[in-house]
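Asks: got a sequence here, can you model it:
(one chain, ligands or ions: 1)
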Amino acid sequence: MTRQVVLQLEPDSAKPIFLNLAAVIIREIERGRLKPGAALPGTRSLSKALGIHRNTVDAAYQELIQQGWAVTLPSQGTFVAEDLPDTPPPRSRERPAPTVAAPPRKSIDIAFSDGAPDARIAPRAELARAFRRAVSAPSFLRRSPYGEPRGSARLREALCEYLGSERGLVADPGDVIITRGSQMALFLVARALLRPGDAIAVEDPGYQLAWSAFRAAGANVVGIPVDQHGASIEQLAKLAEREPSLRAVYLTPHHQYPTTVTLNAARRLALLELMHRRNLILIEDDYDHEFRFDGRPVLPLAASTQSAHIVYVGSLSKLLAPELRIGYAIASPKLIERMATVRQAIDRQGDLPLEHAVAALIADGEIRRHARKSRQVYQARRDKLAELLQRHLASFCTFDVPTGGLAIWLRLSQRLDAEQWAAAAESMGLGVLAGTTFALRPRHAPNAFRLGFGALSESELSRAVAILARSRPRSG
Ligand SMILES: Cc1ncc(COP(=O)(O)O)c(C=O)c1O
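Replies: Sure, this is the predicted structure:
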């Protein structure tokens, strides 16, 4: 039925024909004539109907796919995406069609994320199959549909095996709670561990959403500085001296968020010593462990000691996709029990079929295969971004090629202002995160960008760096 939607090119358009056609199709999607999931006409019939070359239709479809308006299904054709882009693609390069009444909107065409993975390479078909099996299983129809607030026992077992062999963690299922992303784990730890008025030390710059979780429990969030060796444990020790209410410290030791550095060995030892001496709890957020490209593997602090002082938090958001809300925490069974009790107040249990599906992907080796494959893709993207930055921006910025993680931390020369530059880039359709996004004390915000490369293909990286270079403020 949808194949019969009649399309007409904009007359007198200055655009290349494929962009003209792409714009017409986007307009029909926005107007609701082409609905999410609807099949687009075949390239042959549309090229005939419009009197244009079939390759031109194909190029228009590629443009739509790249912008997120359409998807291709192998041997089925091209369809309007179910999940349409939040913001329309930029109109600045395109003259608005005379019939469109919508006001012009400034929009982001391409963005450096804060370190997101590329869902396009996630094992979606395998996950869909495993999910279908989980929903079809007889256990799905059992009499008591409510289960464990700590999450599926199958997934907790599979995770313990996986984390044991991949990260050297010794845990059993009673030490684990599965959560909806690590954000929920951070929230539950905070509620279970902190009392209003307690202080918690965090890295500055660091991860704002963790601070929100701690503040929601009534805690005071206090920053410690970060340098090329990671968070300053010396400053943490000083804070512990002067702040009797300091109860915990939240760190991203593997790939510090946002600067990407790894906490060095001397500081790890000093931290463990301080935690035991001062009775501090460490919340270790190991959000993208799999993506280590060079050098020796660095194991989590939680692997170096079976201490009741460490809560280890992880996520499948970077390994698979943030859309799948699966995270976890590993801690003493007593703390896990407390977290499970808090969890029940807001969410009786997790999404069991999804948890079973992920357990199956871990058990049958799919997650490991995907980790291996995606590590190669991301390493190539890291190298590509480093090469582009070196070629186009070396006179204005410095950076270290990160040994792991999905972002490069780009330090700007003092002549340039990161926020001003980010605003200029945005006006040209490029999203980029300036240091203020990560600063606990805005006046001390680093003059830097965090450039997530994981979600961008190599050609998208080239396009993004070209815009970044073009948008550089000239005043400085
Ligand atoms: C520091 C840090 N921790 C954790 C996460 C993962 O969050 P979630 O598992 O809730 O998707 C992210 C994702 O951006 C992150 O940057």
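Asks: wait, residue 362 touches residue 163, no?
Replies: No: here residue 362 does not reach residue 163: they are 9.8 Å apart, not a contact under C-beta atoms under 8 Å. All C-beta atoms are positioned from the backbone trio N, CA, C, and that covers glycine.
Asks: wasn't residue 308 part of a strand?
Replies: No: assignment of residue 308 by DSSP: H, G, I helix; E, B strand; the rest coil gives coil, placing it outside any strand.
Asks: quick revisit: who's more crowded, residue 362 and residue 163?
Replies: residue 163 (24 against 19; other C-beta atoms under 10 Å).
Asks: and the helices in the stretch 1-150 of the chain?
Replies: Under the criterion DSSP state H, counting those that start in this stretch, helices of the stretch 1-150 of the chain are mapped to 17-31, 43-50, 54-67, 124-136.
Asks: tell me the helices and strands packed up against the last one.
Replies: If you count contacts as 3 or more C-beta pairs under 8 Å, 6 or more residues apart in numbering; DSSP states H and E, helix 124-136 packs onto helix 352-363.
Asks: out of the helices of the stretch 1-150 of the chain, deepest packed?
Replies: helix 17-31 (a mean of 20; mean count of other C-beta atoms under 10 Å).
Asks: tell me who's in contact with residue 216.
Replies: 187, 190-191 (C-beta atoms under 8 Å, 6 or more residues apart in numbering).
Asks: tell me the predicted confidence for residue 403.
Replies: Here the pLDDT value assigned to residue 403 is 96.
Asks: wait, isn't it in contact with residue 262?
Replies: Yes: counting by C-beta under 8 Å, residue 403 does reach residue 262; the two are 6.7 Å apart.
Asks: which one's more surrounded, these two?
Replies: residue 262 (22 against 17).
Asks: separation between the more buried one and residue 206?
Replies: Distance, residue 262 to residue 206, by C-beta to C-beta, to the nearest Å: 15 Å.
Asks: what's the answer for residue 470, then?
Replies: 31 Å.
Asks: near the ligand, which residues of the stretch 201-350 of the chain?
Replies: 207, 252, 257, 285, 287, 315, 317, 322, 327 (C-beta under 6 Å from any ligand atom).
Asks: ugh, typo on my part, it should be the stretch 51-200 of the chain
Replies: For the stretch 51-200 of the chain, the contact set with the ligand under C-beta under 6 Å from any ligand atom comprises 114-115, 181-183.
Asks: the residues you listed into JSON lines, with extra columns for pLDDT, neighbour count and distance to residue 33?
Replies: Shown next, in JSON lines, are those (pLDDT from 0 to 100; neighbours: other C-beta atoms under 10 Å; distance: C-beta to C-beta, whole Å):
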{"residue": "114", "pLDDT": "97", "neighbour count": "17", "distance to residue 33": "36"}
{"residue": "115", "pLDDT": "97", "neighbour count": "25", "distance to residue 33": "38"}
{"residue": "181", "pLDDT": "97", "neighbour count": "20", "distance to residue 33": "36"}
{"residue": "182", "pLDDT": "98", "neighbour count": "26", "distance to residue 33": "41"}
{"residue": "183", "pLDDT": "98", "neighbour count": "20", "distance to residue 33": "38"}
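Asks: so who does residue 53 touch?
Replies: Taking C-beta under 8 Å, 6+ apart, one finds residue 47 in contact with residue 53.
Asks: which parts of the stretch 151-300 of the chain are helices?
Replies: For the stretch 151-300 of the chain, the helices defined by DSSP H, counting those that start in this stretch cover 153-167, 181-193, 208-216, 233-242, 265-278.
Asks: thinking again about what came up before, check the residues of the stretch 201-350 of the chain next to the ligand and tell me the two furthest apart.
Replies: Using C-beta to C-beta, the two most remote members of these are 252 and 322, lying 16.3 Å apart.
Asks: between the two, who's got more neighbours?
Replies: Neighbour tally, residue 252 and residue 322, criterion other C-beta under 10 Å: the higher count belongs to residue 252, 29 against 15.
Asks: which non-adjacent residue is nearest the more buried one?
Replies: Computed as C-beta to C-beta, 6 or more residues apart in numbering, the closest residue to residue 252 that is not its neighbour in sequence is residue 285, at 4.9 Å.
Asks: for that neighbour, give its distance to residue 399.
Replies: As for residue 285, its distance to residue 399 is 23 Å (criterion: C-beta to C-beta).
Asks: show me which of the two is the more surrounded one.
Replies: Counted by other C-beta under 10 Å, residue 285 and residue 399 do not tie: residue 285 has more neighbours, with 27 against 20.
Asks: for whichever residue of the stretch 101-250 of the chain sits closest to the ligand, give me its contacts.
Replies: Sorted by distance to the ligand under C-beta to the nearest ligand atom, the residues of the stretch 101-250 of the chain start with residue 181, at 2.8 Å. By C-beta under 8 Å, 6+ apart, the contact set of residue 181 is 315, 317, 322, 325-327.
Asks: and for residue 207?
Replies: By C-beta under 8 Å, 6+ apart, the contact set of residue 207 is 250, 252, 257-258, 285, 438.
Asks: so for it, what's the pLDDT?
Replies: On the pLDDT scale, residue 207 gets 98.
Asks: likewise residue 97?
Replies: For residue 97, pLDDT reads 38.
Asks: could you do residue 44 as well?
Replies: Reported pLDDT for residue 44: 87.
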